[in-house]
Each structure stands twice: as structure tokens, then as C-alpha cells.
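>>> What would the 3D arrangement of this be:
(3 chains, ligands or ions: 5)
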Amino acid sequence: MSAPLLELDGLTVALGTGGVELLSGLSLVLERGERLGLVGESGSGKSLTALAIMGLLPEQMRVSGGLRFAGDDLPALPEERMRRLRGRRIAMIFQEPMTALNPVMSIGAQIAEGRRLHLGESRAEAEAVARRLLDRVGLPGPRFDLGLYPHQLSGGQRQRVMIAMAAACGPDLLIADEPTTALDVTVQAQILDLLDEIVEETGAALLLITHDLGVVSETADRIAVMYAGRIVETGATEEVFARMAHPYSQGLFAASPYGLDLRRAPGGPRPRLKAIPGMVPDPARRPAHCVFAERCGFVQPDCLRISPRLAPLDSGGARWPHLAACLHPRAGGLAP
Amino acid sequence: MRTAAPLLEVRDLVREYPLPRPSLFAPRPVLRAVQGVSLTLPAGSSLGIVGESGCGKSTLARCVMGLERPQEGQVLIDGEDIYALSRAGLRRARVKFQAVFQDPYGSLDPRHDVRRILLEPLASLQPETSRAERESRILEALEAVGLPSAAAGRYPHEFSGGQRQRIAIARALITRPALIVADEPVSALDVSIQAQALNLMMDLQERLGLSYLFISHDLGVVRAITDRVAVMQAGKIVEEGPTQEVFAHPRHAYTRRLIGSAPKPFSGRRRRARAAQEAPA
Amino acid sequence: MTLEEEISAPQRGRGLLRAIFRSRNLTIGLFVLLLAIGMAVVSEFWTPYPPNALRIRDKLQGPSLAHWFGTDHFGRDVFSMIMAGARNSLEVALTAVAVGIGIGVPLGALAAARGGWIDGFVMRLTDLAFAFPALLTAVIVTAIFGPSAVNAMIAIGIFNIPVFARVTRGAAMGLWKRDYVLAARCAGLGDAAITWRHILPNVNHVLIVQATIQFALAVVAEAGLSYVGLGAQPPQASWGKMLSDSQTYIYSAAHLAIFPGLAITITVLGLNLLGDGLRDLLDPRVRRQR
Ligand SMILES: Nc1ncnc2c1ncn2[C@@H]1O[C@H](COP(=O)(O)OP(=O)(O)OP(=O)(O)O)[C@@H](O)[C@H]1O
Ligand SMILES: Nc1ncnc2c1ncn2[C@@H]1O[C@H](COP(=O)(O)OP(=O)(O)O)[C@@H](O)[C@H]1O
Ligand code: SF4
Ligand SMILES: [Mg+2]
Ligand SMILES: [Mg+2]
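Ligands and ions are numbered 1, 2, ... in the order given. Take a look at the predicted model:
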């Protein structure tokens, strides 16, 4: 069996050697054609995970544990080879299409750039591909000329350009960090559809980062819920949503308006959202026991002694085992 | 039978922005950001405005707040047209309506500590208040939003996004207004912080009898906090009604599209099923 | 500590003096500025030698115990001249910066606050001022009012007005779009109050940096004006004039260039540090971090 496309095996990212851990022991495997959703509140480490894979972590951060792409140990790769991977085999789509595009370069040139750089194509060849890509992402010519500049496009159109750029070299892995957070619902739906289709057509793997449970549920086959720099629950999307074994997953859902039961007695008070008490702990102040214990409604004495590991729940045998890092996983039944 | 005037009434509001001339002698085109909007908000209730970005929600909010004079129409607060008032009259009227903005990072002056931030509306709109009165109002406002009194001496950068939004709400409350215009007040917050902020707004509404004009592009949030909702498209209100009813039985095609586009958990296969349907065609 | 506790925790000292001395930049910067001012003041009463006394016999001596910084081509004591020149150089540069700030900042703030034709008008005005080279402005001013140190200040100051106007306008424009300005409007504040309370305090960091740059430029510009005979008139000493006079002897008597050069460099560096320190002192985000 060949090496998986992307494999994190206890990936840990710390500020300096032995310093504060920002990511602690992430493990996951992603194959071509799979869509994995990474969810969690801000500060949980989603973007850092993406940057670690891209080899774009800030200077002072140290990576330990396994991080392999198609069998290559990424942290050990010389920068030269990493650069060839980036854009060519791993591509990224950012949240802010406004700032992620170069304002003084035409969109055609920006899409063609990757192919000229990585595949050594001539300008004419690369621009012909850029034209096809723009057509593909729903920006047909002549209305959307290659010579347009980012400021001449709306937010949703810019995000389409970003997707065309990311897809330009036919990457094996597409990382999308909150690709629709800056957009509104109707445009969001279109962009998610487009991402879905691109993955379908090219067979690339998709790592979709979002804080919106609705977005992952509709787009990802599999999800990983992150909290305080670790994965606290992962499994097939349907299974995770059906059970929500980790109290944090439940809390995240219950706090979102999706979880609100609007029924109210006539004249009675408006139903409240179920906010998770407290806040995400600062990385320097994460406890040695269960990181969620201080905010967990189901905390038991042993939770304050042991740091639970990601362990399989009963439903074995599935393609993606359902795992949770909780000593007292919930039996489930959240689905309406 | 109508008794008192509603707290807020917007009548046929039009707000246009001139655009640059396409050529030297061409007439100046105008962008009609708000095109004849009428709304009514009875005291003690909350009205949501939903719609896509660019549909005119914030422009409407700025007009209601007396920040931008509309070309046509009226904004009546307690039956008083705020654009017909004198400067001094508008200043007196402002005590009754305050605003909360979207970006908790941009809405607080980084150079001012929380006391000064909270004091500003009070000192400007109710200069007759005594020193002691002001201090007690600051404490009251901080307490209302669940911040300790020591927060008064701190600067905005020392707070998290959720706490900053509480400060912004405290600033809006300090003149004891009847109406709060909230433009995307929780859009920049994380779900659990967002839930705390929304719950706080609901608590304050029940305790203080506030009214909200609540603007958001997030349908879930609007569903959670409003009694009625108005759906806005390209500067016009296309549908208005009790929130539950509009969400359960949307009548206008745009409302249906908006609700249909909103992502829903537990509908996992929807998108893929649709892709499969379309594939053979 | 939870945030709740953190917020309630007693605040650290906010004493101004303590804050100043906690910042190394501020301490060094203040020290250098005070040194320069001190030199200028002392030189009014005392200098090792009369700065204008010509002693041709002692000309072009290198640094020695008798003449710490050596002597120039007329045998004048360079150290005494530097002390005496401090006054002229500081006066010219500080006044020039003050003129620039005093007129440029309000103009820029007005343009940003009002926009529209007022903005256009102010900007065209600054374009016009920019179109005139500083030297030409100086020549015109001195042609009208006659050459003197005071007129040099005015000439250089005029050149600073558009610089500060543009910097202020640029920084202020962005701030007017912030939501806290909208919030201030909801509190009933007018343009002037908003400018005073919310805009200027948030542009001061840019202004401070610009002011140190303009100060350095003004010292150098004063030298240039003095060199062509439009600035300080003999027998008035000035660092700039000393520097330009030294050109002829740059190979034979390098100390003539080195000491005034050092005086300018150290003063400018000191002001730079002072500026950095002030900027941090005025910024609650930096001040409270330590
Ligand atoms: N000062 C202005 N000059 C010109 N056009 C403007 C101005 N302000 C707003 N507009 C335009 O008016 C329309 C409505 O803008 P508005 O800011 O109210 O949208 P919105 O619904 O709040 O969108 P978002 O969700 O992105 O904030 C948009 O097309 C916008 O580009
Ligand atoms: N440059 C940095 N220096 C120090 N800590 C950082 C840095 N970048 C991120 N962090 C910390 O790492 C954690 C994860 O951040 P991030 O991956 O950006 O979260 P998310 O994408 O989920 O919002 C946070 O606690 C954040 O404060
Ligand atoms: S281990 Fe205990 S504290 Fe942690 S999430 Fe599970 S039940 Fe809660
Ligand atoms: Mg992020
Ligand atoms: Mg808006």
C-alpha cells in the first residue's frame, strides 16, 4: 500500500523548542478525493494546522511529530523542494479574498503565474489555461477578462478567482481556510458548490477549515472538531453529527443558532442560546488534565486528573472510525 | 385603534449616493442604496433586517441613526422626525436611540480607556448630569453587560472580542435609550461568544424594555432574537412579517432563496445529491 | 488567572516620570536634547574661547587639550563654535518643524474631516507648495525679507507645511472610516470634537516620526541655506555653515567636518529616539504591555 497523501502523526507545534504548545499531537490521514472539515472556535488552532502543512509557520515556531505528504517528511524537506510543493501539489484558499489577491496584478496574470512558475509554461499557454479556469469557476469571458484587476470584482467573484488560482496546477491537496466567512449566504452556497465540484472533477483532497457547523455538514465527508490545539472528536460527518460524543462538540452546536429551539410559551420569555461558559484557555494556561474540563457540563473527578486521548467509540469497522478525546463520551441523540 | 406613536417609524426612505461621472460631460449617475423603505417598530419589540451584503442594510441603519440625511422620506422616533429637528433638538433626541456596530475592534477608540469611552455619549448628550451621577451610570452600564467595575480603567486592547462588544453595548446603554440600532453586532464573534452576547441582548431587552433594530446577514441569529423580520433586497423591503412565520412560510422568491442558501447541519447529503442530479444533464 | 480576575487585578503604576524612565529611548532622547539645549544656553554666557575670535596663527590645528575639537581656517575654536552654533541650528530646525505642524496639521485634519471641495482645495495648495523646491522658496522669502536666520526658519517651515498636511490627511482619512467615529457621531459629537478627541490622538505616532525626519532635514537645509549665504549671517555660527565651510579642508583637516557632522547626527539620532519613546508613551497599547 502506498503512503497516504497527507498524514499527521502526533503533530505538535510549539513556540520555540520546548515552549508553549499551540498544537498538541494532531493525528489524521487524508487521501485524494476526501473532504475533511476542520471546525472549532477561533484560537483552537485551525489556521496553524494549515500553515504547518504549507510550511509557512512563523520563524519562532517549532514543529515536532510526524507530518508527511505523499511519503515525504515535510519539516525535513529543504525550502527549495517545499516551494515546489506549494502551489503545485498543495494549494491554499484564504478567508479574505480582498487581501489575498495582489491588487496591482491582473487576475489573468495571477492565475497564470503558478503554471508558468511550476510547469514552465509560456505566457500564452498559461493564459489559455487561465481563461479555461475562469470559465470553469463561473467567470466567463468576455465579461470577465483576464486583464481585470481584483478591485473590479465583488467579494464572491474574487473568491472564485482565488479558487481558479488554487486549482491552476491541479494540486493533490486543497486547503481552504474559512473560504466563505467573508461572504454572505447566497454567495457562500455558490462557492461551496464550486469547491465541491472542483474536488469531484480533479480528485484532489480538500481540507476545509470553518467555524460554521452547517458549512462542514454540507460539504465534508469527515470532520475533525478542534479545541485548544487538539482534535477532540473526529469521524464521518453523519456519525459525528448524529452522536456529538464530545461535550465540546455538543456545546458548539448548542451555542449556535442552529441548536436553538424557538418554541416558547405564549407571553413567556424568549428562549436563550446555550452559551458554553468561560472562554478558550490561553495556550500558556492549558491544564494538564482534560483541556475542556473547566467549561464542561459533564465533568467528573477523573477529568481533573487525566488528559483523555483520542479513542475509538463503539462503532468500529466504519471506513473512518469515530474517535473522541473524552473520558465520559455522550451517548448522543442531538439530531432533530 | 392606534394609541401612541410607535417608537420608530421609517417612512419611504430614499438614500442615494452620487457615483463618478463615466465621462466628463455625462450626467452623474446615482446609486440608490435605499429605495423607499418603510418600517414600524413598536416599543419593547425587536425588528430584524436581513439581506445580502450590499443590499443597503447599513445605509438604512446610518439613516435611522441620524448620521446620514436621506434624500427622501422620514425617520420618526417617538413621533418626532429627527431630520426636521434643530442641531440641539437632534442632540436631545439622541439620548433615546443609540447604536452598536459590527467590528468590536474598530468601534472603540484605542486611545481611550473604557471610562472615557462610556462617558462620551453621557457628557455630550446629557451634560446636565453630575459627576456622581456619571460615575454611577458607568458602574450601572458595566454591571448590565457583566463586566467588573475595574474594567473602567482599562483600554480596549486589553479585552477579547466578546468583551469589547459588551463595552460597545454598555456605551449604547449609558444614556438609557429606548431604541438600540445594532448593525451586525455579533457577526465578528465566535459561536459561543456570540451566544453569550445574544443572550445578554435578550436579557437587557426584558429587563430594560429595550427595542432593537437588529441588522444581520445571519438568518439564524435574526431568528433567535427578533419578533419581526424584514427581508431587504437591492434597497427595498421585499417581505416583512413575524419572524417565525417568514422563516416557516417565506412568500417572496428572494426570501426563499436566502433561506435555501443558508447552510443546515444534518442535511449532509443535500449538496452531493443535487450534484448527482445535475450530472447526467 | 481568568480574564475576570485579570481585569480586577490592581493596575500597575502610571506615573509619567516612571513611564519615561522605564523607556530607554525616551531617557536617551531626552538626555541628548537637553544636552543640545544646555549647550546653546551656556554658550550665551560662556564658551572656552570667544567663538568669533580670529587667531590666524592657530589655524587648522587638530584636536588637542587646548582646543578639544581643534581650530578652523581662521583659528577659531571649533568646540566653542559648536556650542554657539547649537542655538542657531536648534532654533531654525525646531521653528521650522513647529511652523510645519502648526499650519500643516490643521490643514490636513480639515481636509480629511470635510472632504469634497475643501479637501481638493487643500491638496492643490500643497501640490503648489511641493512644486516649488525648498531652496527656491527660501530664495524668494529671503529676496523679499532679506537673508537672516529667522527668514531661513520661515522658508524651511513653509516647505514643511505640505509635508505635515499630507501625512495628517492620509492617516486621518483612514480613521474617519472607523466605527468609533460613527459611535462618536451617535454621541452627538461634531467634526471638530471628533478630530480633536479621536483623530489627532490616533495620528500622532505618524506625526512624531515625520517630525523627527523633518527636524533632521531642517538642520541640513539650514546648512544649505547658510552655504549659499541665505541663512545665518556671519558672525553667527551654525552647524550647517560649519559643515559646508569644512568642504575645502576635508582632506587636510577632517575634524572640521567630523565634529559639526557628529553634532548634527547625534542630535538627530537623539530626537529620533525621543520620537520613538514619545510615540510608545502616548500609545496605551504599548505603554500597558510592560
Ligand atoms: N458612501 C458611499 N458611496 C457610494 N456608495 C455607497 C456608500 N455607502 C454605501 N454604498 C453602496 O450602497 C449599497 C448598500 O451598502 P451597505 O453598506 O448599506 O450594504 P450592507 O447591506 O450593509 O452590506 P454589508 O453586509 O457588506 O455590510 C452598496 O452597493 C454600497 O456599495
Ligand atoms: N504568531 C503567533 N505567536 C503566538 N501565538 C500564536 C501565533 N499565531 C497563533 N497563535 C496562537 O495559536 C493558537 C491557534 O491560532 P490559530 O490557528 O490562528 O486559530 P484559528 O485559526 O482556529 O482561529 C491561538 O491560541 C493563537 O493565539
Ligand atoms: S473528559 Fe471529562 S471534562 Fe473532558 S470533556 Fe469529557 S467529560 Fe468533559
Ligand atoms: Mg483562523
Ligand atoms: Mg453592513
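>>> what about chain B, any weak spots by pLDDT?
For chain B, residues meeting the criterion pLDDT under 70 lie at B:1-4, B:267-281.
>>> for the stretch 1-150 of chain A, what spans make up the helices?
For the stretch 1-150 of chain A, the helices defined by DSSP state H, counting those that start in this stretch occupy A:46-54, A:79-85, A:97-100, A:107-119, A:123-136.
>>> what's around the closest residue to A:Glu294 other than its chain neighbours, how many residues?
In space, and not counting its chain neighbours, A:Glu294 is closest to A:Gly278: 5.9 Å by C-beta to C-beta, 6 or more residues apart in numbering or on different chains. (Each C-beta comes from the backbone N, C-alpha and C, glycine too.) The local packing of A:Gly278 (other C-beta atoms under 10 Å in any protein chain shown) involves 15 other residues.
>>> so A:Gly278 touches A:Phe292, yeah?
No. Between A:Gly278 and A:Phe292 there is no contact under C-beta atoms under 8 Å: 9.9 Å.
>>> any idea what sits nearest C:Ala171, other than its immediate chain neighbours?
Closest residue to C:Ala171 apart from its sequence neighbours, by C-beta to C-beta, 6+ apart: C:Val203 at 4.1 Å.
>>> same thing with A:Arg330?
Nearest residue to A:Arg330, sequence neighbours excluded (C-beta to C-beta, 6+ apart): A:Ala245, at 5.4 Å.
>>> How about the secondary structure of B:Ala182?
strand (DSSP: H, G, I helix; E, B strand; the rest coil).
>>> Check which helix or strand the residue nearest to A:Glu294 maps to.
In the assignment (DSSP states H and E), A:Gly278 maps to no helix and no strand.
>>> how close does it sit to A:Ala228?
Using C-beta to C-beta, to the nearest Å, A:Gly278 is found at 12 Å from A:Ala228.
>>> Just after the top helix by length along chain B, pick out the following helix or strand.
Criterion DSSP state H: the longest helix present in chain B is helix B:191-208. Sequence-wise, the next helix or strand downstream of helix B:191-208 (DSSP H and E) is strand B:211-215.
>>> which residues does residue 127 contact?
No chain specified, so I'll use chain A. A:Glu127 sits next to A:108, A:112, A:146 when contact means C-beta atoms under 8 Å, 6 or more residues apart in numbering or on different chains.
>>> Actually, chain C is the one I wanted.
C:Asp127 sits next to C:Pro162 when contact means C-beta under 8 Å, 6+ apart.
>>> what separates the strand or helix carrying it from the chain centre, distance-wise?
Assigned by DSSP H and E, C:Asp127 belongs to helix C:116-131. Helix C:116-131 has its C-alpha centroid displaced from the chain centroid by 24 Å (C-alpha atoms, centre = their mean, to the nearest Å).
>>> In the stretch 51-200 of chain A, which residue sits closest to ligand 3?
Residue of the stretch 51-200 of chain A nearest ligand 3, by C-beta to the nearest ligand atom: A:Gly65 (22.3 Å).
>>> That residue: neighbouring residues, count only.
Neighbours of A:Gly65 (other C-beta under 10 Å): 17.
>>> Can you name the residues that contact it?
A:Gly65 is in contact with A:8-12, A:25-26, counting by C-beta under 8 Å, 6+ apart.
>>> roughly how far apart are it and ligand 2?
In this view, A:Gly65 and ligand 2 are 16 Å apart by C-beta to the nearest ligand atom, to the nearest Å.
>>> which non-adjacent residue is nearest that residue?
That would be A:Gly10: by C-beta to C-beta, 6+ apart, it lies 3.7 Å from A:Gly65.
>>> List the contacts of stretch B:168-175.
Where contact means C-beta under 8 Å, 6+ apart, the residues beyond stretch B:168-175 that reach it are B:94-96, B:98-101, B:104, B:107-108, B:117-118, B:120-122, B:125-126, B:137-138, B:141-142, B:144-145, B:147, B:180, B:185, B:197, B:200-201, B:204, B:208, C:183.
>>> Can you flag the buried ones in the residues you listed?
When neighbours are counted using 16 or more other C-beta atoms under 10 Å in any protein chain shown, those contain these buried positions: B:94-96, B:98-101, B:104, B:107-108, B:117-118, B:120-122, B:125-126, B:137-138, B:141-142, B:144-145, B:147, B:180, B:185, B:197, B:200-201, B:204, C:183.
>>> The spatially closest residue to C:Phe69 that is not a sequence neighbour: neighbour count?
Once flanking residues are discounted, C:Phe69 sits nearest to C:Val78: 3.8 Å by C-beta to C-beta, 6+ apart. C:Val78 has 26 neighbours, counted by other C-beta under 10 Å.
>>> Just confirm C:Val78 contacts C:Ala254, I think it does.
No. Using C-beta under 8 Å, C:Val78 is not in contact with C:Ala254; the gap is 11.8 Å.
>>> And for the residue of the stretch 151-281 of chain B found nearest ligand 3, the neighbour number?
Going by C-beta to the nearest ligand atom, ligand 3 is nearest to B:Ser192 of the stretch 151-281 of chain B, at 14.6 Å. Residue neighbour count, defined by other C-beta under 10 Å, stands at 25 for B:Ser192.
>>> From what I see, it and A:Gln250 are in contact.
No. Assessed by C-beta under 8 Å, B:Ser192 is found out of contact with A:Gln250, at 11.7 Å.
>>> coming back round to it: for the residue of the stretch 151-281 of chain B closest to ligand 3, which residues are in contact?
B:Ser192 makes contact with A:41, A:251-252, A:255, A:275-276, according to C-beta under 8 Å, 6+ apart.
>>> Let's see which of those residues end up in helices.
Counting by DSSP H, those contribute A:251-252, A:255 to helices.
>>> are any of those buried, and which?
Buried among the ones in helices among the contacts of B:Ser192 (16+ other C-beta under 10 Å): A:251-252, A:255.
>>> Chain neighbours aside, what residue packs nearest to whichever residue of the stretch 1-150 of chain A sits closest to chain C?
Nearest residue of the stretch 1-150 of chain A to chain C: A:Gly43, at 13.2 Å (C-beta to the nearest C-beta). Of all residues not flanking A:Gly43 in the chain, A:Val280 sits nearest, at 4.9 Å (C-beta to C-beta, 6+ apart).
>>> C:Asn202 too?
C:Leu175 (5.4 Å).
>>> Tell me which residues of the helix or strand where that neighbour lies come out buried.
Element membership for C:Leu175 (DSSP H and E) is helix C:149-176. Across helix C:149-176, burial judged by 16+ other C-beta under 10 Å covers C:149, C:151-169, C:171-173, C:175-176.
>>> got it, and stretch B:126-141?
Neighbour-count burial for stretch B:126-141 flags B:126, B:129, B:134, B:137-138, B:141 (criterion: 16+ other C-beta under 10 Å).
>>> Let me know the closest of those residues to chain A.
Within the buried residues of stretch B:126-141, proximity to chain A (C-beta to the nearest C-beta) peaks at B:Ala141, which comes in at 21.0 Å.
>>> What separation is there between the closest one and ligand 2?
Taking C-beta to the nearest ligand atom as the criterion, B:Ala141 is separated from ligand 2 by 30 Å.
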